[in-house]
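A.B. asks: Based on what follows, work out the 3D shape:
(one chain, ligands or ions: 2)
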Amino acid sequence: MALLEYKCPCCAGKLEFDSALQKVKCPFCESEFEMSVFQQLDEALDSQVEENLDWQTSTVDTWGVDEGMKAYSCQSCGAQIVMDETTAASKCPYCDNPIVMMGNLSGDLKPELIIPFKLDKKAAKEAFTKHLSGKKLLPKVFSDQNHIDEIKGVYVPYWIFDSKAEASIKYNCTAVKSFTEGEYRITETQHYVAVRSGSLEFENIPVDGSKKMDDKLTESLEPFDLSQAVPFQTAYMAGYMADKYDVSAEDDAERVNERVKNSTVRSFKDTVTGYTTVEVESSNVNLKNGTAKYGLLPVWVLNTSWNGNNYIFAMNGQTGKFVGDLPCDNSLKKKITWITAAVVAVATFAVGYIIHLL
Ligand SMILES: [Zn+2]
Ligand SMILES: [Zn+2]
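C.D. replies: Ligands and ions are numbered 1, 2, ... in the order given. From the prediction side, this is the model:
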């Protein structure tokens, strides 16, 4: 499979997309390049066939490469690189050059849009360090600086859905009134049926198309501002990781439909006001004109394994929203309890000693 590399035309150094400049920059000679300069390199993506660039793979020895993995030959250092078959952009582990797997971005796999990273690695590391601060019972592996440095900028594949919901919903409502009449306290409950029908349009609902990413985690990274999305270009991936989708739009549609239905029911319910209680009696929501666009959205990711469990932390690379759970080290908890016990013992001893002196 063909690889694309981003090298500085001035010094042959590895190029990176600079999120602050929104341009490609050479960190060695400081040259800056507009994104349009690299447009031509992406022309091959529109063809389904991988053209004559395939010859490069013929020199790669794929024997012994595990299922689900793919072998590439780095054009800079010649090393054989084995990557997960869904990888669309990465770095050569030997020479650190950014590489883009063109075959995973061509034809049907070509994303329509991309939200470029707005926040850099420094911002991601700061957010993670802040997330850790004050957590005394945290296992050391989480706060180790070398580990924090491993935080990676990943363009996660997403399906971005538009949909229209036509709904007719029936609510059972009550209005309760209490008043006093003579010696009696009277509670009067009136029953109403409210009916709402109409349509709602939904735009830009993102659902990740990656098996690797937990749907709950990616949903908590929302919202993404899709109005800042730009037409896809591989140059945005220089220096970052990217995966191609391995969950189809059809498979994601079920999750989207569920979300659309739930928020339709909620929005309609918001219009049924002035009652003491409102219960949905029956709802009929039909979804129409569903479309999905394929896009790559920016996420900073840090994986940590501890005590046989995997922990994942993620930051929205556009807004800085941070999510992830931290474990609590029980052995540290014991230690702290012991230290407290020791301090109490010393204090008791001191008091005892003072009393003795008196
Ligand atoms: Zn340069
Ligand atoms: Zn290399």
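A.B. asks: now Leu138, what's its secondary structure?
C.D. replies: coil (DSSP: H, G, I helix; E, B strand; the rest coil).
A.B. asks: pretty sure it contacts Thr129?
C.D. replies: No - using Cβ atoms under 8 Å as the test, Leu138 is too far from Thr129 to be in contact (11.7 Å). Quick note: C-beta positions are derived from backbone N, CA and C, even for glycine.
A.B. asks: When these two are compared, which one has more neighbours?
C.D. replies: More crowded of Leu138 and Thr129, by other Cβ atoms under 10 Å: Leu138, with 17 against 12.
A.B. asks: Just the pLDDT for that one.
C.D. replies: With respect to pLDDT, Leu138 has a value of 80.
A.B. asks: Backbone dihedrals for it, please?
C.D. replies: With angles defined as degrees, to the nearest 10, Leu138 sits at phi -80, psi 130.
A.B. asks: the helices in the protein, which residues?
C.D. replies: Using DSSP state H, the helices found in the chain span residues 55-58, 121-132, 140-143, 145-148, 215-220, 249-269, 330-357.
A.B. asks: since we're on the spatially closest residue to Gly320 that is not a sequence neighbour, how many residues are nearby?
C.D. replies: Nearest residue to Gly320 in three dimensions, chain neighbours excluded: Leu119, at 5.5 Å (Cβ to Cβ, 6 or more residues apart in numbering). By other Cβ under 10 Å, the residues close to Leu119 number 20.
A.B. asks: From Gly317, how far off is Leu119?
C.D. replies: 6 Å (Cβ to Cβ, to the nearest Å).
A.B. asks: Overlap of the contact sets of the two?
C.D. replies: Common neighbours of Leu119 and Gly317, counting by Cβ atoms under 8 Å, 6 or more residues apart in numbering, are Ser19, Trp300.
A.B. asks: State the pLDDT value of the closest residue in space to Phe179 that isn't next to it in sequence.
C.D. replies: The shortest distance from Phe179 to any non-neighbouring residue, by Cβ to Cβ, 6+ apart, is to Ile186 (5.7 Å). Confidence at Ile186, expressed as pLDDT, is 93.
A.B. asks: What segments of the stretch 151-300 of the chain are strands?
C.D. replies: Here the stretch 151-300 of the chain has its strands, by DSSP state E, counting those that start in this stretch, at 152-181, 184-208, 230-231, 241-243, 277-306.
A.B. asks: Next, format these as JSON lines and append distance to ligand 2.
C.D. replies: Shown next, in JSON lines, are the strands of the stretch 151-300 of the chain (distance: least, Cβ to the ion, whole Å):
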{"stretch": "strand 152-181", "distance to ligand 2": "18"}
{"stretch": "strand 184-208", "distance to ligand 2": "29"}
{"stretch": "strand 230-231", "distance to ligand 2": "29"}
{"stretch": "strand 241-243", "distance to ligand 2": "15"}
{"stretch": "strand 277-306", "distance to ligand 2": "23"}
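A.B. asks: deepest of these, which one?
C.D. replies: Ranked by mean neighbour count, the strands of the stretch 151-300 of the chain are led by strand 241-243 with a mean of 23 (mean count of other Cβ atoms under 10 Å).
A.B. asks: what packs against that one?
C.D. replies: Counting contacts by 3 or more Cβ pairs under 8 Å, 6 or more residues apart in numbering; DSSP states H and E, strand 241-243 is packed against strand 87-91, strand 152-181.
A.B. asks: Cys29 is in contact with Cys10, correct?
C.D. replies: Yes - using Cβ under 8 Å, Cys10 makes contact with Cys29 at a distance of 5.2 Å.
A.B. asks: Quick check: the gap between the residue nearest to Ile169 when sequence neighbours are not counted and ligand 1.
C.D. replies: Among residues not flanking Ile169 along the chain, Ser283 sits closest, at 4.4 Å (Cβ to Cβ, 6+ apart). To ligand 1, Ser283 is 60 Å away according to Cβ to the ion, to the nearest Å.
A.B. asks: which parts of the protein sit against ligand 1?
C.D. replies: Within the chain, the residues that sit near ligand 1 (Cβ under 5 Å from the ion) are Cys8, Cys10, Cys11, Gly13, Cys26, Phe28, Cys29, Ser31.
A.B. asks: I'd like these as JSON lines, with neighbour count and pLDDT appended.
C.D. replies: What follows is the residues of the chain next to ligand 1, written out as JSON lines (neighbours: other Cβ atoms under 10 Å; pLDDT from 0 to 100):
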{"residue": "Cys8", "neighbour count": "19", "pLDDT": "89"}
{"residue": "Cys10", "neighbour count": "12", "pLDDT": "90"}
{"residue": "Cys11", "neighbour count": "12", "pLDDT": "92"}
{"residue": "Gly13", "neighbour count": "16", "pLDDT": "88"}
{"residue": "Cys26", "neighbour count": "21", "pLDDT": "93"}
{"residue": "Phe28", "neighbour count": "13", "pLDDT": "93"}
{"residue": "Cys29", "neighbour count": "11", "pLDDT": "95"}
{"residue": "Ser31", "neighbour count": "15", "pLDDT": "94"}
